[in-house]
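A.B. asks: Below is the structure, and that's it, no one-letter string:
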């Protein structure tokens with residue numbers, strides 16, 4: 001591939017703290033794209049499955065700690081070296097520092113497994129969200145893809161998709177439905193954002 005062709009590619013960096021199923025789904029979605037590349041997957045947890053999934057799919061996998069993220073410019077410098085068009089949080093649990101948000105305005109997005117503004121905020125992730133939604137007797141739940149700002153789950157909404165909650169719904173069965181929405185919509189929304197910004 002010539003440098004000219006390579007220069008056209010939009011670059012994505014994924015941050016993930018967990019098993020990495022969303023990260024893997026996004027990597028596979030863009031694997032054969034002529035216009036998009038996944039430049040790296042970054043994680044704050046050594047045990048995160050996301051790092052192995054990235055490695056297995058030949059994507060650079062990088063581990064960082066709290067010091068590198070919040071108290072130094074280490075992570076910021078990695079991002080500035082790569083110059084991503086989009087930073088995608090796929091199950092990343094730390095609050096993003098303001099210096100990175102300032103450096104990449106409107107280029108950091110997150111997915112949340114509920115319909116914000118309800119059921120967001122610090123500590124609201126994974127099964128805790130689904131348990132609360134069911135306990136509150138909601139009729140539906142879903143996903144929210146939103147821009148990242150300096151508060152948990154409060155950035156501007158980009159996209160939402162819903163799924164009904166059945167009478168006999170459990171947190172596990174609801175999680176399965178939410179994962180299906182994530183896998184279907186997250187890569188498509190990423191692609192649309194990249195197209196819009198180019």
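C.D. replies: Arrived safely, thanks for sending. Remember, it's a predicted structure, so these values are computed and weren't measured experimentally.
A.B. asks: which residue ranges form the helices in the chain?
C.D. replies: Along the chain, the segments classed as helices by DSSP state H run 3-7, 21-30, 49-56, 66, 74-82, 98-103, 127-135, 171-197.
A.B. asks: Now for residue 74, how many residues are close by?
C.D. replies: Neighbourhood size, residue 74 [other C-beta atoms under 10 Å]: 13. (Glycine included, C-beta is placed from N, CA and C.)
A.B. asks: How about the contacts made by it?
C.D. replies: 64, 67-68 (C-beta atoms under 8 Å, 6 or more residues apart in numbering).
A.B. asks: do you know how far it is from residue 67?
C.D. replies: As for residue 74, its distance to residue 67 is 8 Å (criterion: C-beta to C-beta, to the nearest Å).
A.B. asks: what's around residue 108, how many residues?
C.D. replies: Around residue 108 there are 23 residues (other C-beta under 10 Å).
A.B. asks: likewise residue 114?
C.D. replies: Residues near residue 114, counting by other C-beta under 10 Å, number 23.
A.B. asks: Surely it is in contact with residue 133?
C.D. replies: Yes. Using C-beta atoms under 8 Å, residue 114 makes contact with residue 133 at a distance of 6.0 Å.
A.B. asks: Could you report the separation of residue 193 from residue 146?
C.D. replies: For residue 193 relative to residue 146 (C-beta to C-beta), the value is 12 Å.
A.B. asks: Next, show the common contact partners of the two.
C.D. replies: 109, 158.
A.B. asks: still on that earlier bit, and for residue 114 and residue 133, which residues touch both?
C.D. replies: residue 141.
A.B. asks: Who does residue 141 form a beta bridge with?
C.D. replies: residue 163 (DSSP bridges).
A.B. asks: burial of it, as a residue count?
C.D. replies: Neighbourhood size, residue 141 [other C-beta under 10 Å]: 26.
A.B. asks: show me the contacts for it.
C.D. replies: Per C-beta under 8 Å, 6+ apart, neighbours of residue 141: 113-115, 130, 133, 162-163, 165, 174, 177-178.
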